Structure formats: structure tokens, C-alpha cells
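J.: how does the following fold in three dimensions:
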Amino acid sequence: MVALSTQFLLPFASMVLLLAAAATDLAWRIIPNRIPVLVASLGLVSQFIIGDPIWSMIGATTAFAICAVLWRLHVIGGGDVKLLAAVALCVPPANLLGLYMAIAMTGTGLGLIYLALRPVMRRLAPRLRAGLSKPATLGQRIMRVEFWRIGRGRSLPYGIAIAVGTLTVIFQGIHQ
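T.: Sure, this is the predicted structure:
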């Protein structure tokens, strides 16, 4: 039962929470506090099961401290700080560098996509504004707002990069 929980249930629950974080970050540029708390809790349970909680907590605390400084400098958002610290608990301490490299590479790709789409979204802006008065589903509204954000060079939903990078490392660990 313990093997089942560490190999399937905990990663699956983490995946659901990380996808929720990515979705709320995309839609509202907010990562609700409960999501990083739950992710960190699952990670701690996992670390206690595999027997390495102290080094994981040191890694998460270090990540939080570094990211908190970046938040104070207005480089990253507060939700990103909490989520980056929480995901540090979801992987073995030896995989932390790989985790943050995967997140950084995913974030770079996301940033490049946003930069490439910026001129396109600026050209589409008049049509998007015209469509804002029409009733829309939540998905359509999110798409319009995101296109507007991209065209204006607004903030990047880095929760997506955190989720994708973390899930990549978690599922690589499962298949090893």
C-alpha cells in the first residue's frame, strides 16, 4: 500500500493540484494559498515515506528564501514563491536542481511563445475589443483577456511553467 501511494496516488494528487494552480494563474494571475499548502503537504508525506524529509525541508526553505527576495524585487509573484517552495518537497532532494532547471526551461519556452505572439495579438486587439461586449463562456473570456495581456506585454502565468516542469520531473522519477 505504501508503494502504491508513493508511486501513484501522491503524484496523481500533486498533478491535479498543479494543474489547478496553472489554471487559476492563467485565468486570474492568482495561485490560491490552499494549493501550495496542499502540494507541500503531499510532498512532505511523500518525503516521510521515502525517508528524506530534513533535506527536502532545507531545500524548500532555501527556495522560499531566494524566491521571497525575488518577490520583494517584483521579479516574480507571491503565488509563484509559495508554489516553487512547495514543489521542492515533491521530489527527492537530489532532484532539486533538475526540478528547477525543468521549470526554468519550461518558463523560457512559455516566455518565448508569449513574445512571439505579442505582435499578432496587437493586430487582433480591435477585433477582440469588439467581441468583449458579446456574452462569452468562461473559457472564451479567459482567452480574450489572455490575448489582451499578451498584446500588452503583461505578466506571464508562471504557474504553468512551475506545474509543467514539476510534473515532468515527478513523472520521470516514476518511470525510473
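J.: grab the longest helix from this protein for me.
T.: In the chain, taking DSSP state H as the definition, the longest helix is helix 96-131.
J.: pLDDT on whichever helix or strand comes after it, on average?
T.: Once the chain leaves helix 96-131, the next helix or strand it forms, by DSSP states H and E, is helix 138-152. The pLDDT scores in helix 138-152 average 85.
J.: what residues of helix 138-152 count as buried?
T.: Residues of helix 138-152 classed as buried by neighbour count (16 or more other CB atoms under 10 Å): 144, 145, 146, 147, 148, 149, 150, 151. Yep, even glycine has a C-beta here, placed from its N, CA and C like the rest.
J.: show me what that helix is packed against.
T.: helix 10-28, helix 96-131 (3 or more CB pairs under 8 Å, 6 or more residues apart in numbering; DSSP states H and E).
J.: quick check: what element follows it along the chain?
T.: For helix 138-152, the following helix or strand on the C-terminal side (DSSP H and E) is helix 158-174.
J.: pull out the buried residues from that following helix.
T.: Result for helix 158-174 [16+ other CB under 10 Å]: buried residues 158-170, 173.
J.: what sits up against that helix?
T.: 7-8, 11, 14-15, 18-19, 21-22, 24-26, 31, 76-77, 79-80, 83-84, 87, 90-92, 95, 98-100, 102-107, 109-110 (CB atoms under 8 Å, 6 or more residues apart in numbering).
J.: ok and it relative to helix 96-131, angle-wise?
T.: Relative orientation of helix 158-174 versus helix 96-131 (axes from the mean of the first three to the mean of the last three CA atoms, to 10 degrees): 140 degrees.
J.: number the residues from 5 up from this point.
T.: Fine by me, first position is 5 from now on; the one you just mentioned is helix 162-178.
J.: and helix 162-178, what's its mean pLDDT?
T.: Rounded mean pLDDT across helix 162-178 is 93.
J.: appreciated, that's everything.
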